[in-house]
Every structure is written in C-alpha cells, then in structure tokens.
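S.K.: Sequence unavailable; structure follows:
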C-alpha cells in the first residue's frame, strides 16, 4: 500500500502541504475562500507541520497495518479498510473522546475543536496523489510503498 512519508532533511517548514490539504478538502476548492471562510466552519488540514528550531517535518497518518487509533476508538468511527489498506474515519460516528489521539504513536490524529471531533488524513481519497505531496515544493513528502 502506498503511504505518505515525510523527509525531515528537506522540509523547510513552508506549510504549503497544509494549504493544499485545506483546499483539497474544502467545499469551494478555492484556497482563498477555504482559508478565509470555510476555516470558520471547522475546516482544518489533516497535516500538522512540526517546527522546532531548524527541524521541520509534516506529520500525517501513516495508515498503519495494525493501527492503535482503531483499537482505541470506542465508537467505531475509525476502522481499517481491508480492501484499500487505508485507516478510514467516519465523522458521523465520532464522539470526540480523543482516545485515538492519545493512541497514535505519530501524533497524526488531531483535534478539530470547532467540531468537537478529530481530523486525520484520508490520502485525498478520489485523487491519484494526495494534495500535500503534489504541492510540496521540496519533495519533503513522498507517496510510495515501502
């Protein structure tokens, strides 16, 4: 299965991956409308760029083979799609308990405080390549099988 992998050695902390993710998951598919209007309704990028001094790296869901977030999910909102290998999320079932957030060893599950639920990478389902990978100017994100 192909997954998004970060390369911290070439990440410059530009956050373009977050902007691309935000736009790809917006209703408008417009970067300005997404950032200025849709964010107020709870739209957030699934990626979080970790910046600490000179270290920057984009964190996202690794779609683990045996995801601890799925085991921790009390409502069944997180599940493993055996056909695609993706760790999927059903927002309607999420009760906002944050158990998955604490269980994820990569820090890839994030809080969506506006909605009281979580947000996580869906690998831009329906696209050939995740928007974050496509937009990264330094190839600090790769989409491949390892």
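M.R.: Nice, thanks for sending it over. Because the structure is a prediction, the values reported are computed rather than measured. Residues are numbered from 1 along each chain as shown.

S.K.: which other helices and strands contact the lowest-mean-pLDDT helix or strand in the chain?
M.R.: Ranked by mean pLDDT, DSSP states H and E, the weakest helix or strand in the chain is strand 48-52, scoring a mean of 83. Contacts defined by 3 or more Cβ pairs under 8 Å, 6 or more residues apart in numbering; DSSP states H and E place strand 48-52 against helix 16-24, strand 55-59. C-betas here are computed from N, CA, C, even on glycine.

S.K.: Where among those is average confidence lowest?
M.R.: Looking at the helices and strands packed on strand 48-52, the lowest mean pLDDT belongs to strand 55-59 (a mean of 87).

S.K.: What angle do helix 16-24 and that one make with each other?
M.R.: If you take axes from the mean of the first three to the mean of the last three Cα atoms, to 10 degrees, strand 55-59 sits at 30 degrees to helix 16-24.

S.K.: All the strands of this structure, residue numbers only.
M.R.: 3-6, 48-52, 55-59, 78-80, 87-89, 110-112, 117-119, 141-144 (DSSP state E).

S.K.: ok, the first one: who's next to it in the sheet?
M.R.: Looking at strand 3-6 with DSSP bridges, its partner strands are strand 141-144 (antiparallel).

S.K.: what about the strand it pairs with, average pLDDT?
M.R.: Averaging pLDDT along strand 141-144 gives 95.

S.K.: For that strand, buried residues please.
M.R.: Going by neighbour count (16 or more other Cβ atoms under 10 Å), the buried part of strand 141-144 is 141, 143.

S.K.: just stretch 117-137 next, same as before
M.R.: Buried residues in stretch 117-137, counted by 16+ other Cβ under 10 Å: 117-124, 130-133, 135-136.

S.K.: Out of those, which comes closest to residue 68?
M.R.: Nearest to residue 68 among those: residue 120, at 12.8 Å, using Cβ to Cβ.

S.K.: would you turn the strands of the chain into JSON lines with distance to residue 40?
M.R.: As requested, the strands of the chain are arranged in JSON lines below (distance: least, Cβ to Cβ, whole Å):
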{"stretch": "strand 3-6", "distance to residue 40": "27"}
{"stretch": "strand 48-52", "distance to residue 40": "19"}
{"stretch": "strand 55-59", "distance to residue 40": "24"}
{"stretch": "strand 78-80", "distance to residue 40": "26"}
{"stretch": "strand 87-89", "distance to residue 40": "22"}
{"stretch": "strand 110-112", "distance to residue 40": "13"}
{"stretch": "strand 117-119", "distance to residue 40": "15"}
{"stretch": "strand 141-144", "distance to residue 40": "27"}
